[in-house]
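Q: Pasting the sequence and the predicted coordinates here, then a few questions.
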Amino acid sequence: MRREDALLRIDGATLVKGGRRILDGLSLEVTEGQHTAILGPNGSGKSSLIKLITRQHYPLARADGPPPVTIFGRARWDIFELRALLGIVSSDLHQEFTGVARLRGEEAVLSGFFAGLGLAAHHAVTPGMQERAQAALAWMEASALADKPLAEMSTGEARRVLIARALVTDPRALLLDEPTAGLDLVARRRFLETLRRVAARGKTVILVTHHVEEVLPEIGRVVLLRDGHVFRDGPKRDVLTTETLSALFGTPVHVREQAGYFTAEATLGVV
């Protein structure tokens, strides 16, 4: 059923790279307020799906029918306008920012207003922007990082700053692509607790990961990808099962739930 309040609608999208179909007729719909996790093994199409949503990749065109991808009800976007409505946090973005010499935490957050990797001479930062940047850092418990260069921050510190950057424009949704990559055990749990606060305050969270352990208790829906297709889609407890994940990964996987989080342990073998 098509919903008029869809944040994201992908309708039979096919993406071809290097002569190979990375996404093959993929259809997916996410409504605002519907926290969703997208999981799959390496090569399942997760990264390509992210780039489809962020308009870095475009699906094959078709002569008729609905557009393959619409975001907030629109098929065409100015990329800077879209980034103000769809906050993005990823390990790739982290690498880009930490490569900018002497970029301080507050400057990184302020750059979210201009969809850039820093502040340029022509960027006019207003007092209101500075207040919002400071508030976003405070919300992420990162006020002490305002003057610290990103290149000198720990991975966990930099991720909290990047969440503040993603939230500074008050986006309607937060898109997270493998956000805990590179974090140690303690930093990862702190980061996930930060995301829980974001989800609890009403921002729609779309989490793309291959770690079952990262599916927040607030996330109610899980989409599994395999070979560029939707393998399974539904309520979390119906999808994150031993049987389903064993079929997805092609090896026995034992799933357990504790305190709202799921864990999955694989063993060698063939299903």
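A: Everything's here; your move.
Q: Quick one: classify the residue most central in space within the chain as helix, strand or coil.
A: Geometric centre of the chain, nearest residue: L176, 1.7 Å, by CA atoms, centre = their mean. Secondary structure assignment for L176 (DSSP: H, G, I helix; E, B strand; the rest coil): strand.
Q: contacting residues for it?
A: Counting by CB atoms under 8 Å, 6 or more residues apart in numbering, L176 touches 88-90, 195, 205-209. From N, CA and C alone the C-beta is placed, and that goes for glycine too.
Q: Give me the residue ranges of the stretch 151-271 of the chain where confidence is low.
A: Applying pLDDT under 70 to the stretch 151-271 of the chain picks out residues 268-271.
Q: where along it do the helices fall?
A: For the stretch 151-271 of the chain, the helices defined by DSSP state H, counting those that start in this stretch cover 155-167, 185-200, 236-239, 242-249.
Q: Direction-wise, compare the second one with helix 155-167 and give the angle.
A: This means helix 185-200. Counting by axes from the mean of the first three to the mean of the last three CA atoms, to 10 degrees, helix 185-200 lies at 20 degrees to helix 155-167.
Q: tell me which residues in helix 185-200 are buried?
A: Within helix 185-200, the residues scored as buried using 16 or more other CB atoms under 10 Å are 187-188, 191-192, 194-196, 198-199.
Q: In terms of secondary structure, what does that helix contact?
A: helix 155-167, strand 204-209 (3 or more CB pairs under 8 Å, 6 or more residues apart in numbering; DSSP states H and E).
Q: returning to what we had before: looking at the helices of the stretch 151-271 of the chain, which is closest to L224?
A: Smallest distance to L224 across those (CB to CB): 5.4 Å, for helix 242-249.
Q: helices or strands up against that closest one?
A: Partner elements for helix 242-249 (3+ CB pairs under 8 Å, 6+ apart): strand 221-226, strand 229-235, strand 253-258.
Q: which of the residues in it are buried?
A: By 16+ other CB under 10 Å, the buried positions in helix 242-249 come out as 244-249.
Q: What is the nearest of those residues to T54?
A: When these are compared for distance to T54 (CB to CB), L248 wins out at 24.9 Å.
Q: so who does that closest one touch?
A: 40-41, 224, 226, 231-232.
Q: quick one: it from L167, how far?
A: L248 is 32 Å from L167, where distance means CB to CB, to the nearest Å.
Q: do the same with K51
A: For K51 relative to L167 (CB to CB), the value is 22 Å.
Q: can you check R226 too?
A: R226 is 32 Å from L167, by CB to CB.
Q: Looking at those two, which is more packed in?
A: L167 (23 against 18; other CB atoms under 10 Å).
Q: From R102, how far off is the nearest residue to that one once chain neighbours are set aside?
A: Spatially, and ignoring its direct neighbours in sequence, L167 is nearest to A136 (5.2 Å; CB to CB, 6 or more residues apart in numbering). Separation of A136 from R102 (CB to CB) stands at 21 Å.
Q: returning to what we had before: got the contacts of L248 as TSV, with distance to E107 columns?
A: Below are the contacts of L248 laid out as TSV (distance: CB to CB, whole Å):
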residue	distance to E107
G40	35
P41	38
L224	39
R226	41
F231	42
R232	43
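Q: which of these sit farthest apart?
A: The most widely separated members of these, counting by CB to CB, are P41 and R232 (13.1 Å).
Q: which of A136 and R102 has more neighbours?
A: Between A136 and R102, A136 has the larger neighbour count (other CB under 10 Å), namely 24 against 10.
Q: doesn't L162 make contact with the more buried one?
A: No: here A136 lies out of contact with L162, judged by CB atoms under 8 Å, at a distance of 10.7 Å.
Q: hmm, back to that, give me the beta-bridge partners of the residue nearest to the centre of the chain?
A: Judged by DSSP bridges, the bridge partners of L176 are V89, L207.
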